[in-house]
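Visitor: Provided below for reference: sequence and predicted model.
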Amino acid sequence: MKIANILMAVVFTCVFGFSTIPGQVYAKSGSKVVAEKSVKAIPVSLDINSANKELLMQLPGIGSKTADAIIKYRAANGDFKSISDLTGVKGIGDKKLAKLKPFLKKV
């Protein structure tokens, strides 16, 4: 059965000029291979004081470490009084804050 699946993948790749890998689509563009990442949904009006790690990581520019840092900062200092308080979190400066503001609920 595995051989049949591999052969079908090869046939589709040759005939249609693309292959699919979970999370990504590779398409031939002339002699170049172009990769497109799947689009993730970005939450709108996220409450920074109650969001868990998974929700925080959906924000642009927020990865696992920064999400952990936000939660740690919140635990140590209490709720954020304003969105600009996020600059007190390691890894968030003025530029990153500007990218985040459209997705955050006013505090």
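Guide: Structure's in. What do you need? Residues are numbered from 1 along each chain as shown.
Visitor: gap between residue 60 and residue 99?
Guide: To residue 99, residue 60 is 5 Å away according to C-beta to C-beta, to the nearest Å. For every residue, glycine as well, the C-beta is placed using N, CA and C.
Visitor: Please apply the same query to residue 93.
Guide: Residue 93 is 10 Å from residue 99, by C-beta to C-beta.
Visitor: Residue 77 now?
Guide: The gap separating residue 77 from residue 99 is 22 Å, by C-beta to C-beta.
Visitor: same check, this time on residue 85
Guide: 16 Å.
Visitor: Show me which of these two is the more surrounded one.
Guide: residue 85 (17 against 13; other C-beta atoms under 10 Å).
Visitor: Could you pull out the helices in this structure for me?
Guide: 2-16, 53-56, 64-77, 94-100 (DSSP state H).
Visitor: Which positions in the third one come out as buried?
Guide: Same thing as helix 64-77. 66-67, 69-70, 73-74 (16 or more other C-beta atoms under 10 Å).
Visitor: now, the most widely separated pair of those residues?
Guide: Maximum pairwise distance in the buried residues of helix 64-77, criterion C-beta to C-beta, is 12.6 Å, between 66 and 74.
Visitor: Just send the buried residues of helix 64-77 back as CSV, with distance to residue 48 and pLDDT too.
Guide: CSV is the format used below for these (distance: C-beta to C-beta, whole Å; pLDDT from 0 to 100):
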residue, distance to residue 48, pLDDT
66, 12, 97
67, 11, 97
69, 13, 97
70, 7, 97
73, 10, 97
74, 8, 97
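Visitor: I figured residue 73 was touching residue 88, is that so?
Guide: Yes: contact criterion C-beta atoms under 8 Å: residue 73 and residue 88 qualify, at 6.4 Å.
Visitor: Neighbours of the residue nearest to residue 84 when sequence neighbours are not counted, how many?
Guide: Sequence neighbours aside, residue 97 is the residue nearest to residue 84 in space, at 6.8 Å (criterion: C-beta to C-beta, 6 or more residues apart in numbering). The number of residues packed near residue 97 is 17, by other C-beta under 10 Å.
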